[in-house]
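J.: Sequence first, predicted model second:
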Amino acid sequence: MTATEPLKNAPAFTVSELSSALKRTVEDAYGHVRVRGEISGFRGPHSSGHCYFVLKDENAKIEAVIWKTAHARMRFKPQEGLEVIATGKLTTYPGSSKYQIVIEAIEPAGIGALMALMEERKRKLGAERLFDEARKQLLPWLPEVIGVVTSPTGAVIRDILHRLQDRFPRRVLVWPVRVQGEGSAEQIAAAIRGFNALPQLGRVPRPDLLIVARGGGSLEDLWSFNEEIVVRAAANSMIPLISAVGHETDITLIDFAADRRAPTPTAAAEMAVPVRSELFIEVDGLARRRLLCWQRAQEARRNELRAAARALPAAGELLAIPRQRLDSVTASLPRALKANTHAHFRRFAAASARLTVRVLRAQLTQAQHRLIVAGERMTHSGRGLLANRRDRFAGLAIRLQASKLSNAQAQRQNIARDRERVLRLAERARRALLTATLRLQARVANNGQLLGALSYRAVLARGFALVRDAGGHAIHTAASVAPGSRLDVEFSDGRIAATADGNRPAATNATKGVSSEPKAAVAKRAIKPAGQGSLF
């Protein structure tokens, strides 16, 4: 007897039933478990939003899956090569006959894993040049409005406000966020982007400086400030940003992306504003120094003016030569006036000598001759211009007449062509109308013949009759005729009125096959074609 013979009478499972039984067994036996292992084969979320990868150690591996909704809620996202502790439900996948863990929560396996993840993320973001010094901005010397991103219930905001009040009171806008736990990284990044999105002259003023602050804590508590979304928001901030996360020994990735890192939130407030009392003292000192500098400059200019005055010659020496030149010109002025008057008199006398009556008459004669010549030339020019215009107008008239004749001829030809075309189209329309009329007449004749063939009168001509009741409705069965009813019987050649009697054919004799002639005749009358009336 073989080993399979005792199982011959055992029920046979289908593959689906066996897979379902194994699935229930695994889920009932283990339920929720925590597994520690290294993530392998992770390539990011699938197009459906689910994540598929493998958890492995030195000797074994297990398939893992994270559904889309669980992945969105996770604080720590899975990454290739990260050692984690995964919490989930053990189950099977019947499609490939393997077991797997459906992960609901995931956390790094200790501080070492967090530090490794932080270093890996630091290298990745550093390769994108998010930590370069060239990207960092200078802090404003005295900001008007300071934006603070922190928790509104902690001691951090009170320390910052107290330090600002002591050093230099400024307007502070607080964007309350969660600084620890699920969703805190998204809130911090949204706060940084929200401050940057404020308009310059809006109802809520845009800060001149941002402070992202949190108190001290463990690496897990400060992990929100190591998230990539927070680091990118800090690096892309157009407002200068101070990172004040944790104590001086705490290092987060936002410290590298910020424009300035403060060891504590109080130190961030000290970096943000100067000390007002020290500014007063410095301003007073500068005012005194300015007054002393002005006094020394005035004394130096006064000494320079005295030295320049001593080096200048006397006024009498400066005006001696111009005074002598003026005296010389004054002495020669009368002689120059007389000489100028004599010169103008001689020129006037010469001009008057030339203006005699003979000379004037000669000039008048020459002017008259020039006028006569110009008039004759104008007359000849006018006649020539008039002749040219007359010839030109004559040529234009000839061209216009020829053009008018040619245009009229062309229009006559166009009209003749259009008349021929209209006649051809009219002939075609007449033939088409005749054809359509003949076609419609033939169609009407065919329809008339078809109507005559389908009419019930053709049936009446073959010996049938149409029976109607008193209301004019056709009667189809003998059972619908009551004794004594008035009937209207229509034949092919006319109508007659009739009255139904009380004698009806016996149905039992017809069904039993009685061979009497009258009953057979009644039975034949009872059987009528469909749609045909009856006399009885």
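T.: Structure received.
J.: Check the residue of the chain most remote from its centre and give its pLDDT.
T.: The centre of the chain is farthest from one residue, Arg358, which by Cα atoms, centre = their mean lies 99.3 Å away. Looking at Arg358, its pLDDT is 79.
J.: Repeat that for Lys56.
T.: The predicted local confidence for Lys56 is 88.
J.: How about it, nearest residue that isn't a chain neighbour?
T.: Ser40 (5.1 Å; Cβ to Cβ, 6 or more residues apart in numbering). The way it works is simple: take the backbone N, C-alpha and C, and place the C-beta from them, glycine included.
J.: Please name the residues that touch the one you found.
T.: When contacts are counted by Cβ atoms under 8 Å, 6 or more residues apart in numbering, Ser40 touches 53-56, 61, 80-81.
J.: Let me know the next secondary structure element after the longest helix belonging to the chain.
T.: Determined from DSSP state H, the single longest helix within the chain is helix 357-454. Using DSSP states H and E, the next helix or strand after helix 357-454 towards the C-terminus is helix 456-461.
J.: what residues does that following helix touch?
T.: Against helix 456-461 from outside (Cβ under 8 Å, 6+ apart): 452, 466, 490-492, 532.
J.: Next, the contact list for Val54, please.
T.: Val54 touches 39-41, 61-64, counting by Cβ under 8 Å, 6+ apart.
J.: what does Trp175 give?
T.: 147-149, 191, 194-195.
J.: Now do it against Thr356, distance only.
T.: Trp175 is 111 Å from Thr356, where distance means Cβ to Cβ, to the nearest Å.
J.: do Gln401 as well
T.: When Gln401 is compared with Thr356 (using Cβ to Cβ), they lie 67 Å apart.
J.: thinking again about what came up before, out of the contacts of helix 456-461, who has the most neighbours?
T.: Leu466 (21 neighbours; other Cβ atoms under 10 Å).
J.: pLDDT value on that residue, please?
T.: On pLDDT, Leu466 comes in at 87.
J.: didn't Phe53 look like it was pressed against His71?
T.: No. Between Phe53 and His71 there is no contact under Cβ atoms under 8 Å: 11.5 Å.
J.: Restricting to C-alpha, output stretch 191-203 in PDB.
T.: The C-alpha trace of stretch 191-203 is given here as PDB (Å, rounded to 0.1, in the frame of the first residue of the first chain):
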ATOM      1  CA  ALA A 191       4.900  78.200   7.200                       C
ATOM      2  CA  ILE A 192       8.200  79.100   5.500                       C
ATOM      3  CA  ARG A 193       6.500  79.200   2.100                       C
ATOM      4  CA  GLY A 194       3.500  81.100   3.600                       C
ATOM      5  CA  PHE A 195       5.700  83.900   4.900                       C
ATOM      6  CA  ASN A 196       7.500  84.100   1.500                       C
ATOM      7  CA  ALA A 197       4.100  84.300  -0.200                       C
ATOM      8  CA  LEU A 198       2.900  87.400   1.700                       C
ATOM      9  CA  PRO A 199       2.700  90.600  -0.500                       C
ATOM     10  CA  GLN A 200       5.000  93.500   0.300                       C
ATOM     11  CA  LEU A 201       2.300  96.000   1.000                       C
ATOM     12  CA  GLY A 202      -0.500  93.700   2.100                       C
ATOM     13  CA  ARG A 203      -2.700  93.800   5.100                       C
END
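J.: on that earlier part again, now, which of the contacts of helix 456-461 lie within helices?
T.: Cross-referencing these against helices under DSSP H gives Gly452.
J.: quick one: the strands in the stretch 201-350 of the chain?
T.: For the stretch 201-350 of the chain, the strands defined by DSSP state E, counting those that start in this stretch occupy 209-214, 241-245, 260-261.
J.: As TSV, those with mean pLDDT would be great.
T.: Formatted as TSV, those follow (pLDDT from 0 to 100):
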stretch	mean pLDDT
strand 209-214	94
strand 241-245	94
strand 260-261	92
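J.: Could you dump those strands into CSV with mean neighbour count and distance to Arg428 added?
T.: As requested, these are exported to CSV (neighbours: other Cβ atoms under 10 Å; distance: least, Cβ to Cβ, whole Å):
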stretch, mean neighbour count, distance to Arg428
strand 209-214, 27, 88
strand 241-245, 27, 89
strand 260-261, 19, 95
